[in-house]
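*Asks:* return a 3D structure for these sequence lines:
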Amino acid sequence: MDNCEDTIVAISTPPGESGIGVIRLSGARSLDIAGAMFRSSRKDMRLRHSRIHYGHAVYPESGDVIDEVLLLVMKSPHSYTREDVVEIQCHGGALPMTGILESSIRLGARLAGPGEFTRRAFMNGRIDLLQAEAVIELIRSRSEKALHMASRQLGGKVSEELAEIRRRVVELLVTVEAPLDFPDEEIPAPSDRELLSSLTGLCDDIGKVIERTETSRVYREGLRCAIVGKPNVGKSSLLNALVGQERAIVTEFPGTTRDSIECWISIRGIPVTLLDTAGLRSTGDPIEREGVRKTEEALLTSDCALMVIDHTTGVTRDDEEILDMLKERELKVINVINKCDLLLSEKPKASSSITVGEGSVSVSAMTGLGIDILKETIGSRLSQQGERGDGCALCSTRHLEVLIRAREALKEAQTAIREGFPHDACLVELKRAQYSFGELFGEDYSVEVLDTLFSEFCVGK
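*Replies:* The predicted model follows:
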């Protein structure tokens, strides 16, 4: 990362045309750079803190107007980065934003790197690393539940709960360390029973956070649901009905779908990626055979499957084989009986004696009949995986790994006590747990770790 003493600048709004574009400056020279290209009809040109100033952005060399703008001024330490920050709002076209950005650079600002504004907020102590990482989770949220979790973490609620657990770890560490470091002071050492009780309580509380984080993964990352079945049972029509728009090609000819099509919807706050797959059957067509292979690959990465069965035929031998395959893969399966708006044929083609069962849902992908019931069924099945997501739950794999290491250290401390080792062994493990919490909050970190974390951010955040 370049010099943190530099004044940085970036466009903070997405590329493309929009009503408003925002260019953000942060650093000691922010006000000087903004002032050099800002013109106002007011005689008093001072850029005051917590004020919105109206005027025009101009090219500093010629004085020609770039755009009509608003300037938002936030002076240190009362800003996102705890540095002087100026945000320039202009019309959201490429030329006005680029003109202001390039003028800022010519006046001495440096183009910000990915996530550098948030990184400075962390480095300057405005937020801890847990909160900094919540920013990207907030931006990427695909469900209200994920948004709520990221907001809690960004707002410091998660940090507060984990800080309390950490305080208890440190308190226990001091209780063990003090008698060892000051033997002449006759400080009473805790009994093995007291230590085991405290360690068990800490392990249990950390375990609850780990469990909630793991189960709430579905709200952050979502689930993948493959729509499978033999050809021409209405898989593509079902995808379109669930999404509410024409995303997949539908024809009367079997084998139309040759490749997997992905789109996502939100069901009960869970982002669900739907995969419309090629019909599963033996075929001599090399292109269709490749589609079948991709369907089988899609099932390997799916959390559940919608098994589509034609109402007019019942369960056929082909359906039976697909159901057996899904059972082998241990996927959650919801049987969907499609074309329920059509009458059963007088002579059913199904030769199987297998019945679909009570867990099936009858729908008509063409008319929309039963689609709401199917969504409710999907939500009921899938939400069970994330129903314990309330409370203190973390937002990334890194957090989970660090917490697991902290719990493992505390369990090692328990083992050392049970096996009769001196309290020095317990102390070593308590310090390991303490260090893990330091990693979690960003007090013990390497430049490489920060570079990796903030590289996922967009430029301008």
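
*Asks:* tell me the secondary structure at the closest residue to residue 109 other than its chain neighbours.
*Replies:* Distances taken as C-beta to C-beta, 6 or more residues apart in numbering place residue 9 nearest to residue 109, at 4.0 Å, with adjacent residues excluded. All C-beta atoms are positioned from the backbone trio N, CA, C, and that covers glycine. Assigned with DSSP: H, G, I helix; E, B strand; the rest coil, residue 9 falls in the strand class.

*Asks:* just the CA trace of stretch 328-337, in PDB.
*Replies:* Extracted C-alpha coordinates of stretch 328-337, given in PDB (Å, rounded to 0.1, in the frame of the first residue of the first chain):
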ATOM      1  CA  GLU A 328     -27.200 -41.300  -3.800                       C
ATOM      2  CA  ARG A 329     -26.000 -37.600  -3.700                       C
ATOM      3  CA  GLU A 330     -27.900 -37.100  -0.500                       C
ATOM      4  CA  LEU A 331     -29.500 -33.900  -1.700                       C
ATOM      5  CA  LYS A 332     -32.700 -32.400  -0.200                       C
ATOM      6  CA  VAL A 333     -35.300 -33.100  -2.900                       C
ATOM      7  CA  ILE A 334     -38.700 -31.400  -3.400                       C
ATOM      8  CA  ASN A 335     -40.800 -33.300  -5.900                       C
ATOM      9  CA  VAL A 336     -42.700 -30.900  -8.200                       C
ATOM     10  CA  ILE A 337     -45.600 -32.300 -10.200                       C
END
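
*Asks:* who touches it?
*Replies:* Here stretch 328-337 makes contact (C-beta atoms under 8 Å, 6 or more residues apart in numbering) with 238, 299-300, 302-309, 311, 323, 326-327, 356-357, 359-363, 374, 377-378, 381-382.

*Asks:* what ranges does the stretch 151-300 of the chain have for its strands?
*Replies:* Assigned by DSSP state E, counting those that start in this stretch, the strands in the stretch 151-300 of the chain fall at 223-228, 261-267, 270-276.

*Asks:* pick the most buried one from these.
*Replies:* Most buried of the strands of the stretch 151-300 of the chain, by mean neighbour count (mean count of other C-beta atoms under 10 Å): strand 223-228, with a mean of 25.

*Asks:* and the next helix or strand past the one helix or strand in the chain whose mean pLDDT sits lowest?
*Replies:* Ranked by mean pLDDT, DSSP states H and E, the weakest helix or strand in the chain is helix 286-300, scoring a mean of 65. As assigned by DSSP states H and E, the chain's next helix or strand after helix 286-300 is strand 304-310.

*Asks:* ok, and the closest non-adjacent residue to residue 399?
*Replies:* residue 440 (6.5 Å).

*Asks:* separation between that neighbour and residue 185?
*Replies:* Going from residue 440 to residue 185 by C-beta to C-beta, to the nearest Å gives 33 Å.

*Asks:* between those two, which one's more packed in?
*Replies:* residue 440 (24 against 8; other C-beta atoms under 10 Å).

*Asks:* and that one, what does it touch?
*Replies:* 129-130, 162, 399, 402-403, 406.

*Asks:* please repeat the previous calculation with a cut-off of 7 Å.
*Replies:* Contacts for residue 440 (C-beta atoms under 7 Å, 6 or more residues apart in numbering) come out as 130, 162, 399, 402.

*Asks:* circling back: out of the strands of the stretch 151-300 of the chain, nearest to residue 94?
*Replies:* Across the strands of the stretch 151-300 of the chain, the minimum distance to residue 94, taken as C-beta to C-beta, is reached by strand 261-267, at 29.2 Å.
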